[in-house]
Each structure stands twice: as structure tokens, then as C-alpha cells.
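Engineer: Sequence first, predicted model second:
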Amino acid sequence: MDDTIGIEPSTDLGWERITLEHDDGPDLADAVSTGLGAASKTLPCHLFYDDEGSLIFEEICATPEYYPTRAERTILERDAEKLAEEFAGYEIVELGSGSAEKTELLLAAFCERGPTCYVPIDISSDALERSAARLTERFPNLSITTIEGEYEAALAASSARRSGPRLVLFLGSNIGNFGPTEAVKFLKRLRAHLVPGDALLVGVAARGDRERLEPAYNDAAGVTARFNKNILVRINRELGGTFDLDAFEHAAPYDEEAGRVAMYLVSQRAQTVRVEALKRSFTFAAGERIHTEDSYKYGPDELAQLAARGGFELVRVARDADELFALSLLRPGA
Ligand code: TRP
């Protein structure tokens, strides 16, 4: 693994830690230069999830408006036993594990049955550290290997070390951050890391009413706005940017036809922002937007279609009572 820059064994930490290179330093500069230099300004959404951003995201999950976390949790609570029975002995790999607070429900059921291996993948080292410390403490028979890195590099690193059949978790509607074409491409690449007998559990929020969806991405207390602006905070701190946070406003309109909430930062006036590390300035017209993220909603049928195009077969779908969220179990296709 060329890009492995550090492996620390379990003896020192209570778990094993693998650190891969990811979007800091030069890569961050490139992403900002390309994204803000484009005619239609955009910034890649994984920039949200630095250590601070990951903490703010946990706050979002606790807001009364952000229902997907709670809906997914009810499904996991209900189905944890069944999944643990079905996948006993599987290694559990999680893409974008974050706080792993919902995963803990599943891990409890697995560890109850016997020793379990868990490989959380995330780009926030703090989130990995906190969750691994908590889970190690709670489950003495859980072996953890954290991988700090972006999905695909980390998945490749985890594949090289696989010890048996794997259950890959892709929860939290993270797949919705890809549009349909990108989601299929991503699933194909993910498929390439799996073998027959492995499984993929994907959690995704369904399409819904604007009245429910828009507040979920624009809560009254302003946590989501703070999360979105954290990208600008990062640029200011890490690249010597001069973004005035009060001169941008968070917006999250739902496009019903596309089934997508799009996240923007809207310039409140004409302004020029300097980014010292790039030796560049960027001008914004009043009302001009930076597109920071999409959150597509996929109903179970849509997800099944994406999965089929991505090389997976749908085994079954579990939904919460209000049908706001679905947890789909997929197997790699032949
Ligand atoms: N995967 C989450 C989702 O699409 C990410 C998310 C939730 C998010 N709230 C957000 C991203 C607000 C940006 C802004 O639901």
C-alpha cells in the first residue's frame, strides 16, 4: 500500500490505526482553486468533515429537524439482532463512520454473539479516535482497525488486509451525496473491492415533502448553517482566506423533481475574497452561490435500480414505520 503513511499496532492504543494521505495541504489548495475558480462556483462536500466539522455534524444529527438519523436508528435497533445472526463472524467495514453512534447498536448485537472485527473509515482522525476509544472500552471482544482516509483509498487498504467475509456499512444517507450517475460509478468501484459472499448495507432517506426536508437541512438553531460555513472557516484558517462569515448565507432548497436538497453558500453582497496560500482573489456578485453539497433522496426502488447498475443485487429492504428511511441489504452480483 503505497499511500499508507502510518500503521500503529493495537498494543499501544487498544486498537490498530492506519493513516492514509487525504485532502489536506496541497489537495485542499487544489480543490479550492479549482472549485472557486470555476464559472459556477463549487466546493467538494468532503471538505466539511475535518475534526471540527465532524463535531458540528453530530450536533446536526441531534437537532429536532434532522429526522434521518433517528429514522435510521429505529431500523437498526429493530434489526440489529437479525443482522448479527445473519452476519456472525463477518468483518464489519464502515464508510464514513463518524461518531459510529448508530453502528454501536449493531456492534452490541455482534459482540454479544462473539468476537467481532470492526474497520471504521473516516477522514476525521478525531472522530475515529473518539469512537474507537469508546467502543474498545465498551466491547472487550471487539477488534478495531481505524483507517483515516478517503473512501476508496481506505477501502483498498482494508481489502488488502481482509480476513474473511465482509459486511460493508454505508449509512447516514451518505450515498445520497452522489447523484445517480456518480452513485452507480461509486457502487461499481465498491463492487470491485468485494467478493461473492460479502454484503453491503446502505441506509438512505426517501423522497419526501418539502415541509419536512427543507428544515432538516436548515434547522432553526442554525447548526446546519454553521456546518456549511465551516468550509469557509477551514479556508480562512488553512489557506489564509479572508472570508467574512457574515457575508455568506446558508441555503438548502429542495428540488422536488430531482429529489435533491442542494446546499449553497450565498454571497450577500458583491465582494472579493483573498486566499493567500493560492495567491489569488475570488470575486462574488451579490446573490452568487457556492454549491457545497447535494443530498439526493432515493426511494427503495430507485436504490435497487442504482444498485443493479452498480453490480449489486438487492436482497431485502427494511423501513421505519413512517417510511422516511430505508436500509437496503445488497449482495455483489455475479
Ligand atoms: N449525508 C448527510 C445527508 O445527506 C449529510 C448532511 C446532513 C449534510 N445535513 C447536512 C450535508 C447539511 C451538508 C449540510 O443527509
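Structural biologist: Happy to help now that I have it.
Engineer: so what's the closest residue to the ligand within the stretch 51-200 of the chain closest to, chain neighbours aside?
Structural biologist: Among the residues of the stretch 51-200 of the chain, residue 173 lies closest to the ligand, at 4.3 Å counting by CB to the nearest ligand atom. (Each C-beta comes from the backbone N, C-alpha and C, glycine too.) Excluding its sequence neighbours, the residue lying closest to residue 173 (CB to CB, 6 or more residues apart in numbering) is residue 205, at 4.5 Å.
Engineer: That neighbour: neighbour count?
Structural biologist: For residue 205, the neighbour count with other CB atoms under 10 Å is 26.
Engineer: Tell me the bridge partners for it.
Structural biologist: Here residue 205 sits in beta bridges with residue 325, going by DSSP bridges.
Engineer: ok, now which ones touch it?
Structural biologist: By CB atoms under 8 Å, 6 or more residues apart in numbering, the contact list for residue 205 reads 68, 71, 173, 176, 295, 297, 298, 324, 325.
Engineer: Please determine how far it is located from residue 323.
Structural biologist: 10 Å (CB to CB, to the nearest Å).
Engineer: How about residue 79?
Structural biologist: Plainly put, residue 79 is 15 Å away from residue 323 if you go by CB to CB.
Engineer: Check residue 165 too.
Structural biologist: For residue 165 relative to residue 323 (CB to CB), the value is 31 Å.
Engineer: From the contacts of residue 205, which land in helices?
Structural biologist: Counting by DSSP state H, the part of those found in helices is 68, 71.
Engineer: Now do the helices in the stretch 1-150 of the chain.
Structural biologist: For the stretch 1-150 of the chain, the helices defined by DSSP state H, counting those that start in this stretch occupy 10-13, 25-37, 51-61, 67-86, 103-113, 125-138.
Engineer: could I get those as TSV with mean neighbour count?
Structural biologist: Formatted as TSV, these follow (neighbours: other CB atoms under 10 Å):
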stretch	mean neighbour count
helix 10-13	11
helix 25-37	16
helix 51-61	18
helix 67-86	18
helix 103-113	20
helix 125-138	18
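Engineer: Adding distance to residue 183 and mean pLDDT, write the ones you listed out as TSV.
Structural biologist: Formatted as TSV, those follow (distance: least, CB to CB, whole Å; pLDDT from 0 to 100):
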stretch	distance to residue 183	mean pLDDT
helix 10-13	35	66
helix 25-37	21	88
helix 51-61	21	95
helix 67-86	17	98
helix 103-113	21	98
helix 125-138	23	96
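Engineer: Reformat those as a markdown table; add distance to the ligand.
Structural biologist: A markdown table is the format used below for the helices of the stretch 1-150 of the chain (distance: least, CB to the nearest ligand atom, whole Å):
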| stretch | distance to the ligand |
| --- | --- |
| helix 10-13 | 28 |
| helix 25-37 | 15 |
| helix 51-61 | 5 |
| helix 67-86 | 5 |
| helix 103-113 | 15 |
| helix 125-138 | 14 |
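Engineer: how long is stretch 270-279 end to end?
Structural biologist: 20 Å (CA to CA, to the nearest Å).
Engineer: Now it: buried residues?
Structural biologist: By neighbour count on 16 or more other CB atoms under 10 Å, the buried set for stretch 270-279 is 271, 273, 275, 277, 278.
Engineer: what's in contact with it?
Structural biologist: Outside stretch 270-279, the residues that touch it by CB under 8 Å, 6+ apart are 29, 32-33, 36, 235, 238-244, 247, 280-286.
Engineer: Those residues in helices, which ones?
Structural biologist: Among these, the members falling in helices (DSSP H) are 29, 32, 33, 36, 235, 238, 239.
Engineer: show me what contacts the spatially closest residue to the second one that is not a sequence neighbour?
Structural biologist: If I follow you right, that is residue 32. Leaving aside its sequence neighbours, residue 32 sits nearest to residue 235 (CB to CB, 6+ apart; 5.8 Å). Listed by CB under 8 Å, 6+ apart, the contact partners of residue 235 are 32, 241, 243, 275.
Engineer: what's the pLDDT at the nearest residue to residue 260 once chain neighbours are set aside?
Structural biologist: Excluding its sequence neighbours, the residue lying closest to residue 260 (CB to CB, 6+ apart) is residue 296, at 4.7 Å. Per-residue pLDDT puts residue 296 at 98.
Engineer: Mind picking the two most distant members of the contacts of residue 235?
Structural biologist: 32 and 243 (10.8 Å; CB to CB).
Engineer: quick one: average pLDDT of stretch 267-284?
Structural biologist: Stretch 267-284 comes out at a mean pLDDT of 98.
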